[in-house]
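Asker: Fold the following.
(chains A and B)
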Protein chains: 2
Amino acid sequence: MTSEPHPATGAWRAGDPPGDRRFFSFATDHPFAVEDGSVLRDVTVAYETWGTLNDDASNAVLICHAWTGDSHASGRAKPGHPTPGWWDDVVGPGRYIDTDRWFVVCSNVLGGCQGSTGPASPHPDDGRPYGSRFPVLTIRDMVRAQAKLTAHLGIVQWASVIGGSMGGMQVLEWAITYPSRVRSIVPIATCMQASAQQIAWGTIGRQAIRLDPGWRGGDYYDAAPGEGPAEGLAIARQVAQVTFRSDNAFTERFGRNLTDRARVGDTFGLWQEFEVERYLHYHGEKLVRRFDANSYLVIAKAMDLHDVGRGRGGLETAMRRITMPNLTIGITSDILYPEYQQVQMRYMLGLAGAPNEYVQIDSPHGHDAFLIHFDRVGEPIAAFLDRVDRNG
Amino acid sequence: MTSEPHPATGAWRAGDPPGDRRFFSFATDHPFAVEDGSVLRDVTVAYETWGTLNDDASNAVLICHAWTGDSHASGRAKPGHPTPGWWDDVVGPGRYIDTDRWFVVCSNVLGGCQGSTGPASPHPDDGRPYGSRFPVLTIRDMVRAQAKLTAHLGIVQWASVIGGSMGGMQVLEWAITYPSRVRSIVPIATCMQASAQQIAWGTIGRQAIRLDPGWRGGDYYDAAPGEGPAEGLAIARQVAQVTFRSDNAFTERFGRNLTDRARVGDTFGLWQEFEVERYLHYHGEKLVRRFDANSYLVIAKAMDLHDVGRGRGGLETAMRRITMPNLTIGITSDILYPEYQQVQMRYMLGLAGAPNEYVQIDSPHGHDAFLIHFDRVGEPIAAFLDRVDRNG
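Answerer: Prediction:
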């Protein structure tokens, strides 16, 4: 691994504090072919684990993160982890996914920028960031990289694979691609295939990044600090942020309030801010500090390409391969992965006859509710894992 | 009027074919003060009329257009009007708003780019486009400019003021600002005040325009053809286009179909297109050809600033000023101006005791349904106008 600086990106760099990350790298004599036909060499998967794998390796749970998530699902903020784990209230000792009982693993997705190989990683040919040379990926590629990590960890079968949003896409692909290696699944606020509206939001965000002169066709890693595609990435994030929440939640929280800065003016300004604009700017800028724009593009495209039926005889045929107990969780106010998609998914997950549960989170917070209502998402998962454990 | 070319914008230019437009210009000795404190001189309002004003001027109907609309509500495509009227199936001889009976007027909003004074218009000081010198406007400013046109036309009272989306905002402001000059109103798929989510979509589009290097801080009118803020404006339009339609409509129409161009490739491409992406690009590029980016910014901001309660003691106090018969039309699948906002508005429109009707358009097409289901929006309007006419 090199320590090339990436001054124009929020990507984790090999020289940065690893936090709790560990790294599994594929041998160079085993290149990793991705679905688009490209081959990656020197693939690294960054991961974290909590708890202890038991003697028969039967207590392993895989947690799959969403779009801009990373391997730090649980644990405190510390060097290498500027914020606590993104599901810290769900995963930990004595918590819903109890790490005193389960051996929990979370890995950064292939294409990501928090330790796993992605566009900001050094290309083995020249040690310089892949940039525009990085291939288009699919959710299946991400899952196949996770499968290699799974073998490395000595885990023959996951007791459960759990994830929300893009994490849920990985959950479905795990169940279909490796049915014998998954004992149960929990897809949350996700979809079997990206809808036209989901693709629409995705492409708008990607175009905003491409429009940013700082993006430079994807090869911006030599740019001076502040000269990367920060503004384009921030706009892309703002599009997503609106779809992650809800009309009601925005009205409750912001209404038509103006920021203090805007209130001091006696006149209206074209760029004066309502509170909701300040909030969006905040989230855009926050993401820019921790995320790489090219990873954002690649992962967004992987979500658009997500279709469990592709090359498998269609959606229903693919879903009928899922034969393990499953728990689907949907959110009433989700405008990005609307609840009807969860209800359809739950129906399709029942076709093969496996135990088939559905839990509705009745929340005004929209898609992000699974990252907000830890209790409402955690309790049914804990009960589900109990049943999975009892039934061996 | 000058004939300065505006090569980098889709604005109508004074030298272009006028189509059916007529122009009313305010005298230079009557400057027009707008709400933000600025003063405009030489204001022109472009308008079209259909039908004949009767002797007591009692048959005049004002139609207010939406965001990127213009005065050409009815009529064929011809030089100066590249497309037929945007409500041609609703407005015309023998149609729902029957121009054999009603004298119908539609004017381009102040700040627009189809003949009325806007950012692309020549500044009276130097004849060069206003550009960044153009003030921030409000819906009230637009309505006050329309009121001057109204006096010019010899119309003391509109039999009805009708409009959807931003047109509906103008309808409400007409009723509150000039209650004695409006005999009835028909607001359609609109709101009493912009919500936080509506503002969120607005600010994202504006930021995309600002990010475009071709925008040049708003002073791009000297740019060579193709070097204006076309890409930023196209992205802004795409954001809007998604909110104008619906999840179901997109799924029905596009699903996950790929364009022919994308299908020929054996591999996935980061910029390869699903049909829905092609559709969004088409709508973005189509708008660029006919619309000015600065007008888009100014009008979008005016919608965000829309709040009938501002400076009037709040929403309810303002709405209680509306004492004329009213018909509210809402659309079941509208994600931009959701039906609950129409239901709230209808309730508030009843507070002062005026005849108060509501019609729901049950359509999967989203916000744009009022521009698609001409019959479903036209029939209740025709019946409402009948009643208004009978009751004098």
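Asker: Would you map the strands across chain A?
Answerer: Applying DSSP state E to chain A gives strands spanning A:22-25, A:32-33, A:39-40, A:44-50, A:60-64, A:91-92, A:97-98, A:103-107, A:160-164, A:185-188, A:326-331, A:356-361.
Asker: Distance check, the most centrally placed residue in chain A against B:Arg261.
Answerer: Of all residues in chain A, the one closest to the mean position by CA atoms, centre = their mean is A:Ala66, 1.7 Å from it. From A:Ala66 across to B:Arg261, the span is 31 Å (CB to CB, to the nearest Å). Bear in mind the C-beta positions are built from the backbone N, C-alpha and C, glycine included.
Asker: what does A:Gly228 give?
Answerer: Counting by CB to CB - A:Gly228 and B:Arg261 are separated by 30 Å.
Asker: more crowded one of the two?
Answerer: More neighbours surround A:Gly228 than the other of A:Gly228 and B:Arg261, with 26 against 11 (other CB atoms under 10 Å in any protein chain shown).
Asker: Quick check: the residue in the stretch 51-200 of chain A positioned nearest to chain B vs A:Glu173, distance?
Answerer: Minimum separation of the stretch 51-200 of chain A from chain B (CB to the nearest CB) falls at A:Ala196, amounting to 3.7 Å. Distance, A:Ala196 to A:Glu173, using CB to CB: 21 Å.
Asker: before we move on, back to that, what number of residues lie near the residue of the stretch 51-200 of chain A closest to chain B?
Answerer: Using other CB under 10 Å: A:Ala196 sits among 26 other residues.
Asker: Flag every residue of the stretch 51-200 of chain A that's near chain B.
Answerer: A:Val136, A:Thr138, A:Gln193, A:Ala194, A:Ser195, A:Ala196, A:Gln197, A:Ile199, A:Ala200 (CB under 8 Å from any CB of the partner chain).
Asker: Can you pick out the most distant pair from the residues you listed?
Answerer: Farthest-apart pair in those is A:Val136 and A:Gln197; separation 21.2 Å (CB to CB).
Asker: rewinding a little: I'd guessed the residue nearest to the centre of chain A sits against A:Gly167; true?
Answerer: Yes: between A:Ala66 and A:Gly167 there is a contact at 5.1 Å, judged by CB atoms under 8 Å.
Asker: Give me the distance between stretch A:133-143 and the centre of its chain.
Answerer: 13 Å (CA atoms, centre = their mean, to the nearest Å).
Asker: residues of that stretch that come out buried?
Answerer: Neighbour counts using 16 or more other CB atoms under 10 Å in any protein chain shown place A:Phe134, A:Pro135, A:Val136, A:Leu137, A:Thr138, A:Ile139, A:Arg140, A:Asp141, A:Met142, A:Val143 of stretch A:133-143 among the buried residues.
Asker: Repeat that for stretch A:337-351.
Answerer: Buried residues in stretch A:337-351 (16+ other CB under 10 Å): A:Tyr337, A:Pro338, A:Glu339, A:Gln341, A:Gln342, A:Gln344, A:Met345, A:Arg346, A:Met348, A:Leu349, A:Gly350.
Asker: Among the residues you listed, which lie within helices?
Answerer: Among the buried residues of stretch A:337-351, the members falling in helices (DSSP state H) are A:Glu339, A:Gln341, A:Gln342, A:Gln344, A:Met345, A:Arg346, A:Met348, A:Leu349.
Asker: Look up the closest residue to the third one, ignoring the ones flanking it.
Answerer: For A:Gln342, ignoring the flanking residues on the chain, the nearest one in space by CB to CB, 6 or more residues apart in numbering or on different chains is A:Gly330 at 3.0 Å.
Asker: need the contact list for the one you found.
Answerer: Going by CB atoms under 8 Å, 6 or more residues apart in numbering or on different chains, A:Gly330 touches A:Ile188, A:Ala189, A:Glu339, A:Gln341, A:Gln342, A:Val343, A:Arg346, A:Tyr358, A:Val359, A:Gln360, A:Ile361.
Asker: With A:Asp141 instead?
Answerer: Contacts for A:Asp141 (CB under 8 Å, 6+ apart) come out as A:Val34, A:Glu35, A:Leu110, A:Gly111, A:Ala302.
Asker: go on, A:Arg321?
Answerer: A:Ala175, A:Ile176, A:Pro179, A:Arg312, A:Ala352 are the contacts of A:Arg321 under CB under 8 Å, 6+ apart.
Asker: what's the most distant pair in these?
Answerer: A:Arg312 and A:Ala352, at 13.9 Å, using CB to CB across these.
Asker: about what we covered before: TSV for the residues of the stretch 51-200 of chain A next to chain B, including pLDDT and distance to A:Asp389?
Answerer: Below are these laid out as TSV (pLDDT from 0 to 100; distance: CB to CB, whole Å):
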residue	pLDDT	distance to A:Asp389
A:Val136	96	39
A:Thr138	97	32
A:Gln193	98	31
A:Ala194	98	33
A:Ser195	98	35
A:Ala196	98	40
A:Gln197	98	38
A:Ile199	98	38
A:Ala200	98	41
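Asker: Could you report the pLDDT at the closest residue in space to A:Gly75 that isn't next to it in sequence?
Answerer: Among residues not flanking A:Gly75 along the chain, A:Gly85 sits closest, at 4.7 Å (CB to CB, 6+ apart). At A:Gly85, the model reports a pLDDT of 97.
Asker: Return the distance of A:Gly85 relative to A:Asp70.
Answerer: Taking CB to CB, one finds A:Gly85 at 9 Å from A:Asp70.
Asker: Pick out whichever of these two has more residues nearby.
Answerer: Taking neighbours as other CB under 10 Å, A:Gly85 and A:Asp70 compare with A:Asp70 leading, 27 against 24.
Asker: is it true that the more buried one touches A:Ser107?
Answerer: No: at 9.1 Å, A:Asp70 does not count as touching A:Ser107 under the criterion of CB under 8 Å.
Asker: if I look at the two, which residues touch both of them?
Answerer: With CB under 8 Å, 6+ apart as the test, A:Asp70 and A:Ser107 both reach A:Ala46.
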